[in-house]
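Trainee: Here is my input, please return the structure:
(one chain, ligands or ions: 1)
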Amino acid sequence: MSVDARKALFRFDYRRSPDQDRPARHPVIVVGAGPVGLCAAIDLRLRGIPVVLLDDADRIGEGSRGICYAKRTLEILDRLGIGERCVAHGVTWKVGKVFWRDELLYAFDLLPEAGHKRPAFVNLQQYHLERYLVERAAQVGVDLRWRNRVTGLEPLNDGAALAVETPEGSYRVEADWVVAADGARSSLRGLLGLDFEGEAFEDRFLIADVRMTGDFPPERWFWFDPPFHSGRSALLHKQPDNIWRIDLQLGAEADPELERRPERVRPRLEKMLGHSAFELEWVSVYTFQCRRLRRFVHGRVLFAGDAAHQVSPFGARGGNSGVQDAENLAWKLALVLNGDAPPSLIETYDTERLAAADENIAHATRSIDFIVPRSAQDLRLRDAVLALARDTAFAKRMVNSGRLSTASTYDTPLSTPDRDAWGGAARLGAPVPDAPLLDRSGRPVWLLDALGGEPAVLHVPDGDPPPELPGVRRIAVGEDLRDEEGLFAARFDAGPGATLLVRPDQHLAARWRRCDPAALAAAFRRMQGSP
Ligand SMILES: Cc1cc2nc3c(=O)[nH]c(=O)nc-3n(C[C@H](O)[C@H](O)[C@H](O)COP(=O)(O)OP(=O)(O)OC[C@H]3O[C@@H](n4cnc5c(N)ncnc54)[C@H](O)[C@@H]3O)c2cc1C
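Mentor: Numbering: from 1, shown residues only. Sure, this is the predicted structure:
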């Protein structure tokens, strides 16, 4: 698809809303139809909450930006209904290779074991992801309003009022809750007088998407100090539609205007690729930040995604962590709006996702420090690690070309601490690992698909079943679902009697070797934020 065809396909019309003619109030307004706002809106809608989604633009896909979507994000997108489209069109990969100068130092495998529905990563241009999300939002009934720019925000005791500008003038609209997903330059952050805390890095990076038919495999290739770009770093990634993403470190002194020009970009890429048979699809020059808001919850205004935090792209943590923000927020907001949980449950969004942002920022900062040493001494140390990494496992572990996005494990008041010791891959506070199972009629089913977005008690029958809890599904592994391959038992260390409480975002909230009905009921109340 040419860039012009894509721009036409990804353009959306402004439509007048009845809210422009009369006072209106909604349970939730999401501001920003980027990946994070779209995921939040779809998730809320799937949970039965009416959602208005406002975006100031009338299009998506101007630039490429995010490309790598991690396993956990794909699992969330599955639940939202577009996982399959992303995987079908995207480039699946799990192997990364690290080069130093002209030699291959080592390769790593991000998902060495089988028995998971989703791969370690899929590469897909962000505009494809956004288009799938926009189409899904329309399908599930999100009231998505293009060319609706939020220009004013008035906090209320029980909500917030927004001033919205459209091509036909401005209007005022109220909401019980506002999700601020309006990106890195968030207007809502400005309207509340909030600022980021953290670090901005001076080094500039050239990011280019090029169209060519190459025979590089679907792997992540990262070079330190390669012969074609001496003294700097480079990254190559495959995307669908014969598009390749290339990142080249330029240095702090690079002139962004100059470096963006095709006559500067092409020779650099020709030197790297060894030929000139490519077209430039998109070029930009970036600097990166690692920073976040002090809090994500400000009364009834809840910040998510780039509006709440930013990281460098080495590790693909920006969009991936934003999608996890959206998922963390949606089930909590739905419970609160339905009167099933106290508003204080929203505070745990702050606790859980601030900790996740700190973890992402720490990883991204360490990656940048390794990729772009700050002093001659740091550079010597970095190169010593690279030299040692040729032959030693411990030095390989110290090489940091971007630790890739993984799901967060929450140390949270919503979890009930383990009484017993547990083996296996499942971790309290983490998303439960997937496993291949069979349903009652012998059809294959993945555990995460079976769980969906409802809270669940998973148990391995041995005596009385766990008690029923309101709105909670009981799934007996061995009866409702069969574990023929034994991977559920191994990953959960689950023998007869094992009972596991799973949150609506599929994170593990509590577990017992044998069901204790009173403890299960207490853990369920705790998981919903009740004292
Ligand atoms: C070069 C590069 C590579 C990247 N690679 C990856 C990657 O591989 N994987 C990954 O996960 N992430 C990656 N990222 C990060 C990712 O692109 C962002 O984290 C992601 O776009 C954040 O999504 P968002 O929805 O929070 O914000 P955005 O995508 O910025 O969306 C915000 C939306 O809000 C709208 N808006 C703004 N102000 C208003 C207003 N006042 N009123 C109404 N609407 C408004 C905007 O029009 C926009 O549609 C990369 C970023 C860059 C720059």
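
Trainee: drop to CA atoms for contacts and neighbour counts, all remaining ones
Mentor: OK.

Trainee: now the helices for the stretch 1-150 of the chain?
Mentor: 3-9, 35-46, 71-80, 83-89, 126-140 (DSSP state H, counting those that start in this stretch).

Trainee: Okay, buried residues for the longest helix anywhere in the chain please.
Mentor: With DSSP state H setting the assignment, residue counts place helix 347-371 as the longest helix in the chain. Within helix 347-371, the residues scored as buried using 16 or more other CA atoms under 10 Å are 347-358, 360-361, 363-371.

Trainee: How about stretch 246-257?
Mentor: Within stretch 246-257, the residues that qualify as buried are 246, 247, 248, 249, 250, 251, 254, 256, counting by 16+ other CA under 10 Å.

Trainee: Would you mind listing where the stretch 101-250 of the chain has pLDDT under the threshold?
Mentor: Under the criterion pLDDT under 70, no range of the stretch 101-250 of the chain is flagged.

Trainee: Up against the ligand, what does it have?
Mentor: For the stretch 101-250 of the chain, the residues in contact with the ligand under the definition CA under 6 Å from any ligand atom are 148, 149, 150, 151, 181, 182, 183, 184, 186, 187.

Trainee: hey, what's the third one bridged with?
Mentor: It stands for residue 150. Beta bridges link residue 150 to residue 164, judged by DSSP bridges.

Trainee: Confirm that residue 424 sits in a helix.
Mentor: No: using DSSP: H, G, I helix; E, B strand; the rest coil, the secondary structure at residue 424 is coil, not a helix.

Trainee: Can you check the pLDDT for it?
Mentor: Looking at residue 424, its pLDDT is 97.

Trainee: still on that earlier bit, what would the buried residues of stretch 246-257 look like in TSV with distance to residue 403 and secondary structure?
Mentor: Conversion of those to TSV gives the following (distance: CA to CA, whole Å; DSSP: H, G, I helix; E, B strand; the rest coil):
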residue	distance to residue 403	secondary structure
246	18	strand
247	16	strand
248	18	strand
249	18	strand
250	21	strand
251	22	strand
254	26	coil
256	27	helix
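
Trainee: so which pair among those is furthest apart in space?
Mentor: Maximum pairwise distance among the buried residues of stretch 246-257 (CA to CA): 17.1 Å, between 246 and 254.

Trainee: Tell me who's in contact with residue 272.
Mentor: 228, 229 (CA atoms under 8 Å, 6 or more residues apart in numbering).

Trainee: Residue ranges in this structure under the pLDDT threshold?
Mentor: In the predicted model, the chain carries pLDDT under 70 at residues 1-9, 61-63.

Trainee: Near the ligand, which residues of it are found?
Mentor: 31-37, 54-57, 65-69, 148-151, 181-184, 186-187, 305-307, 313, 316-320, 322.

Trainee: mind running it again at 5 Å?
Mentor: Of all the residues in the chain, those in contact range of the ligand (CA under 5 Å from any ligand atom) are 32-36, 55-57, 65-68, 149-150, 182-183, 187, 305-306, 313, 316-320.

Trainee: just checking, which of these belong to strands?
Mentor: Cross-referencing the residues of the chain next to the ligand against strands under DSSP state E gives 68, 149, 150.

Trainee: dump the residue contacts of the first one.
Mentor: With contacts taken as CA under 8 Å, 6+ apart, residue 68 has the following neighbours: 121, 122, 123, 124, 316.

Trainee: Is it correct that the last one is in contact with residue 66?
Mentor: This points to residue 316. Yes: in terms of CA atoms under 8 Å, residue 316 counts as a neighbour of residue 66; the distance is 7.5 Å.

Trainee: what residue lies at the spatial centre of this protein?
Mentor: Nearest to the mean C-alpha position of the chain, by CA atoms, centre = their mean, lies residue 320 at 1.8 Å.

Trainee: ok, that one - contacts?
Mentor: Listed by CA under 8 Å, 6+ apart, the contact partners of residue 320 are 69, 70, 73, 405.

Trainee: which of these sit farthest apart?
Mentor: Greatest spatial distance among those (CA to CA): 73 and 405, at 9.5 Å.

Trainee: quick one: the helices in the stretch 151-300 of the chain?
Mentor: Listed in chain order, the helices of the stretch 151-300 of the chain (DSSP H, counting those that start in this stretch) span residues 187-191, 256-259, 262-273.

Trainee: Now tabulate the ones you listed in JSON lines and tack on distance to residue 139.
Mentor: Converted to JSON lines, those look like this (distance: least, CA to CA, whole Å):
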{"stretch": "helix 187-191", "distance to residue 139": "28"}
{"stretch": "helix 256-259", "distance to residue 139": "41"}
{"stretch": "helix 262-273", "distance to residue 139": "40"}
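
Trainee: Pick the most buried one from these.
Mentor: helix 187-191 (a mean of 19; mean count of other CA atoms under 10 Å).

Trainee: Quickly name whichever of the contacts of residue 320 is closest to the ligand.
Mentor: Distance ranking of the contacts of residue 320 against the ligand, using CA to the nearest ligand atom, places residue 69 first at 5.6 Å.

Trainee: wait, doesn't the closest one sit right on residue 123?
Mentor: Yes: because the distance of 6.2 Å satisfies CA under 8 Å, residue 69 is recorded as touching residue 123.

Trainee: So which of these two has more stuff around it?
Mentor: Neighbour comparison, residue 69 and residue 123: the larger count goes to residue 69, with 30 against 24 (by other CA atoms under 10 Å).

Trainee: Identify the residues contacting the more buried one.
Mentor: Applying CA under 8 Å, 6+ apart, we find residue 69 in contact with 121, 122, 123, 124, 316, 319, 320.

Trainee: Can you show me the CA trace of the longest strand out of those in the chain as PDB?
Mentor: When the chain is scanned for its longest strand (criterion: DSSP E), the result is strand 169-180. What follows is strand 169-180, C-alpha atoms only, in PDB (Å, rounded to 0.1, in the frame of the first residue of the first chain):
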ATOM      1  CA  GLY A 169     -17.600  25.200  17.600                       C
ATOM      2  CA  SER A 170     -17.000  24.100  21.200                       C
ATOM      3  CA  TYR A 171     -19.200  22.300  23.700                       C
ATOM      4  CA  ARG A 172     -19.100  21.300  27.400                       C
ATOM      5  CA  VAL A 173     -19.500  17.700  28.500                       C
ATOM      6  CA  GLU A 174     -19.300  16.000  31.900                       C
ATOM      7  CA  ALA A 175     -18.100  12.600  33.000                       C
ATOM      8  CA  ASP A 176     -17.900  10.600  36.200                       C
ATOM      9  CA  TRP A 177     -14.400   9.600  35.200                       C
ATOM     10  CA  VAL A 178     -12.000  10.800  32.600                       C
ATOM     11  CA  VAL A 179      -9.200   8.700  31.200                       C
ATOM     12  CA  ALA A 180      -6.400  10.900  29.900                       C
END
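
Trainee: quick one: that strand to helix 35-46, angle?
Mentor: In this structure, strand 169-180 runs at an angle of 90 degrees to helix 35-46, with axes from the mean of the first three to the mean of the last three CA atoms, to 10 degrees as the basis.

Trainee: buried ones in stretch 77-97?
Mentor: The neighbour-count check on stretch 77-97 (16+ other CA under 10 Å) flags 77-83, 86-87, 89-97 as buried.
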